[in-house]
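[1] Requesting a structural model of the entry that follows:
(one chain, ligands or ions: 1)
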Amino acid sequence: MITAEALTKRYGTTTAVDGLSFTADPGTVTGFLGPNGAGKSTTMRMVLGLERPTAGTVLVDGQRYADLEAPLRTIGAMLDARSVHPGRTAFRHLLALARTHGIPRSRVDEVIGLTGLESVAGRRVKGYSLGMGQRLGIAAALLGDPATVMFDEPVNGLDPDGVLWIRSLVRDLAAEGRTVFLSSHLMHELALCADRVVVIGRGRLLADATVAELLERSRGAGLVRVRTTAPDALAQALVRAGAVVTGRPDGALHVRGTSVEEVGAVAGRVGATVLELAAEAGSLEAAYLELTSGSVEYQAGAR
Ligand SMILES: Nc1ncnc2c1ncn2[C@@H]1O[C@H](COP(=O)(O)OP(=O)(O)OP(=O)(O)O)[C@@H](O)[C@H]1O
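    Down below sits the predicted model:
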């Protein structure tokens, strides 16, 4: 179980995490969601005692990480799958970790089996694909058979098989009664495997709700998706017209507070050639965009 209370982290003038309180419970997959730079990794580093909070606390099973008697048996984490010595084999890496934590060698074989690494465990890590590296990171996290597991962006960059595997793994870990806490910047990804989501933006809590509650909130949330040859000019014109606009990684804009017709008309006025224009039904993604609209790139001054 992870409990954060008024957790705050400042770096100079940047407040990365700002009075954040939430709980991740046993038997539950808790998704930790927020746009890039929202403070997810900083929060996770504080859970593991890698950063000291400026204020507030974050506890694992009621204790600070530094006070845990057997940290690897209490919480297993994968924050950066690339943090393994490249010249080592997966087996050697896991064995070294196990030895320094009084974990039997038989558990190394177990986690290699659990993560499907049998056929590559004898190969040097430097030859691993991203997916294999993620599996190794997860194997290391599971080594101590911990009651809590925490993964930072576990599906980032994985192929569809890897994504499916992680989804079913986290569901299984929660079904065994473990606390599962995983971050993502993609709502649709978490919607498929999380029971509840803690949403943050600019270090602050925006929502702490079940996926069903968020879906309920998003009902009727009108969203227009548009892709044009001049996204910046269109975004600025739409914001001036009172809409809330979010830039998407694929170059499209998500626009709220307006209609398809209005977006088409504004695009015409600013001379942006429309490549794609559609109204999207209420969705979890829409609820998420609405929640985080204060913490993203394009934003109307007065809403
Ligand atoms: N060591 C540091 N020194 C200064 N600023 C930092 C440091 N670590 C993080 N930050 C800042 O704190 C904010 C939160 O960063 P963080 O990496 O926790 O966000 P995130 O939600 O994990 O984002 P991403 O998905 O991009 O990793 C950002 O503005 C970041 O630039």
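[2] Give me the spatial nearest neighbour of Val198, chain neighbours excluded.
    Closest residue in space to Val198, ignoring its immediate chain neighbours: Phe22 at 4.5 Å, by CB to CB, 6 or more residues apart in numbering. Bear in mind the C-beta positions are built from the backbone N, C-alpha and C, glycine included.
[3] Quick check: the gap between that neighbour and Leu97.
    According to CB to CB, to the nearest Å, Phe22 stands 29 Å off from Leu97.
[4] Then the residue nearest to Val198 would be within a strand, right?
    Yes - assessed by DSSP: H, G, I helix; E, B strand; the rest coil, Phe22 belongs to a strand.
[5] Which residues does it form beta bridges with?
    Beta-bridge pairing for Phe22 (DSSP bridges): Ala4.
[6] and it, what does it touch?
    Contacts for Phe22 (CB atoms under 8 Å, 6 or more residues apart in numbering) come out as Thr3, Ala4, Thr30, Val198, Leu205, Asp208.
[7] Mind doing that once more with 10 Å?
    Phe22 sits next to 2-5, 7, 30, 32, 43, 58, 181, 196, 198-200, 205, 208 when contact means CB atoms under 10 Å, 6 or more residues apart in numbering.
[8] Give me the mean pLDDT for whichever strand or helix holds Val226.
    Using DSSP states H and E, Val226 sits within strand 223-228. Strand 223-228 shows an average pLDDT of 90 in the prediction.
[9] again with stretch 79-99
    Per-residue pLDDT values across stretch 79-99 average out to 86.
[10] confidence score at the residue sitting furthest away from the middle of the chain?
    In terms of distance from the mean C-alpha position of the chain, Arg269 ranks first, at 38.1 Å (CA atoms, centre = their mean). At Arg269, the model reports a pLDDT of 94.
[11] Grab the nearest non-local neighbour of it.
    Leaving aside its chain neighbours, Arg269 sits nearest to Ala237 (6.8 Å; criterion: CB to CB, 6+ apart).
[12] Just list the residues touching the one you found, thanks.
    Ala230, Ala243, Val245, Val263, Val266, Ala267, Arg269, Val270, Ala272.
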